[in-house]
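**Student:** Structure, please.
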Amino acid sequence: MDYLYAIILFAISSSVTPGPNNIMVMTSGVNFGVKKSLPLLSGICIGFAFMLLLVGIGFSRLFEWFPGLHMLIKCAGVLYLLYLALLIARSADTQDADNQGQPLSFLKGALFQWINGKAWVVATGAVAAFTTVGGGVDSQTMLIATIFLLVSFPCVGVWLLFGSLLQNWLSSAASRQRFNLAMALLLVISVLPVLQEILVQLSVQTIGS
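**Tutor:** Prediction:
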């Protein structure tokens, strides 16, 4: 039972704390409301659980065989996050949903997990911490993924609800633009640790060669 509680607490703390997923969901809630942002929320939560499951059953071995692939995904992730930050910063007032852009889709939310630095850290950390060799790794991984799936919806959903509540306070185009700029800046800041890691790895490879 203590093992189960430990996984639940880890899932809650890692899902509810700030990160690219929560920033995007909150921004979508501000600009599009809860209903139109539900596909993005679902894509993030289901996509991460599926990613964790694949990592746990051995997908991470692919990066042991092809270490350059992991670096490529990291670089692509940084570029995509910066692109998303640019889109958020340039977002117009979306009060008139028929004439404005649309929120990210379920598929984009799910695929985004594979280039989300925090998602990789949480997934690999969960598998490393809560699975044991000889203890049925596949069943343990399935349990962890299920718990994350159930926990992430309310934890990430809080950010969506908070964003929708902010709509009343950000009724003007100017205030919404300032909010979008602030969220874009937070998204860029969330990328900096991954970018620093990439630069360190590249410098080590350069020195080694």
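**Student:** Chain neighbours aside, what residue packs nearest to A11?
**Tutor:** The shortest distance from A11 to any non-neighbouring residue, by CB to CB, 6 or more residues apart in numbering, is to V151 (4.1 Å). Bear in mind the C-beta positions are built from the backbone N, C-alpha and C, glycine included.
**Student:** hang on, I meant A110
**Tutor:** Excluding the flanking residues, the one nearest A110 by CB to CB, 6+ apart is G47, at 2.9 Å.
**Student:** Would you agree the residue nearest to A11 is in contact with L9?
**Tutor:** No. The pair V151 and L9 fails to qualify as a contact (CB atoms under 8 Å) at a distance of 9.5 Å.
**Student:** continuing past the worst-scoring helix or strand of the chain on mean pLDDT, what's the next helix or strand?
**Tutor:** Lowest on mean pLDDT, DSSP states H and E among the helices and strands of the chain sits helix 61-65, with a mean of 68. Per DSSP states H and E, the first helix or strand lying C-terminal to helix 61-65 is helix 67-89.
**Student:** and that next one, which residues are buried?
**Tutor:** Buried residues in helix 67-89, defined by neighbour count with 16 or more other CB atoms under 10 Å: 71, 74, 77-78, 80-81, 84-85, 88-89.
**Student:** Could you give the average pLDDT over the stretch of helix or strand F179 belongs to?
**Tutor:** Using DSSP H and E, F179 falls within helix 173-208. Per-residue pLDDT over helix 173-208 has a mean of 77.
**Student:** buried set for it?
**Tutor:** In helix 173-208, counting by 16+ other CB under 10 Å, buried: 176-177, 179-180, 183-184, 186-188, 190-191, 194-195, 198.
**Student:** quick one: which of those is nearest A126?
**Tutor:** A126 lies nearest to V194 out of the buried residues of helix 173-208, by CB to CB, at 18.5 Å.
**Student:** who touches that closest one in this structure?
**Tutor:** By CB atoms under 8 Å, 6 or more residues apart in numbering, the contact list for V194 reads 74, 77-78, 117.
**Student:** ditto for I73
**Tutor:** Contacts of I73 by CB under 8 Å, 6+ apart are 114-115.
**Student:** what separates it from T206, distance-wise?
**Tutor:** Distance, I73 to T206, using CB to CB, to the nearest Å: 20 Å.
**Student:** pLDDT below threshold where in this structure?
**Tutor:** 1, 59-64, 67, 70, 91-101, 133-135, 171-172, 208-209 (pLDDT under 70).
**Student:** Quick check: the farthest pair among the contacts of V194?
**Tutor:** Going by CB to CB, the pair spanning the contacts of V194 furthest: V78 and G117, at 8.0 Å.
**Student:** Return the alpha-carbon coordinates of stretch 180-196 using PDB.
**Tutor:** Provided in PDB are the C-alpha atoms of stretch 180-196 (Å, rounded to 0.1, in the frame of the first residue of the first chain):
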ATOM      1  CA  ASN A 180       0.100  35.600 -23.800                       C
ATOM      2  CA  LEU A 181       3.500  37.300 -23.800                       C
ATOM      3  CA  ALA A 182       4.000  36.300 -20.200                       C
ATOM      4  CA  MET A 183       3.100  32.700 -21.000                       C
ATOM      5  CA  ALA A 184       5.400  32.700 -24.000                       C
ATOM      6  CA  LEU A 185       8.200  33.900 -21.800                       C
ATOM      7  CA  LEU A 186       7.500  31.100 -19.200                       C
ATOM      8  CA  LEU A 187       7.600  28.500 -22.000                       C
ATOM      9  CA  VAL A 188      11.000  29.800 -23.200                       C
ATOM     10  CA  ILE A 189      12.300  29.700 -19.600                       C
ATOM     11  CA  SER A 190      11.100  26.100 -19.300                       C
ATOM     12  CA  VAL A 191      13.200  25.200 -22.300                       C
ATOM     13  CA  LEU A 192      16.500  26.700 -20.900                       C
ATOM     14  CA  PRO A 193      17.500  23.600 -18.800                       C
ATOM     15  CA  VAL A 194      17.100  21.300 -21.800                       C
ATOM     16  CA  LEU A 195      19.000  23.800 -24.000                       C
ATOM     17  CA  GLN A 196      21.800  24.000 -21.400                       C
END
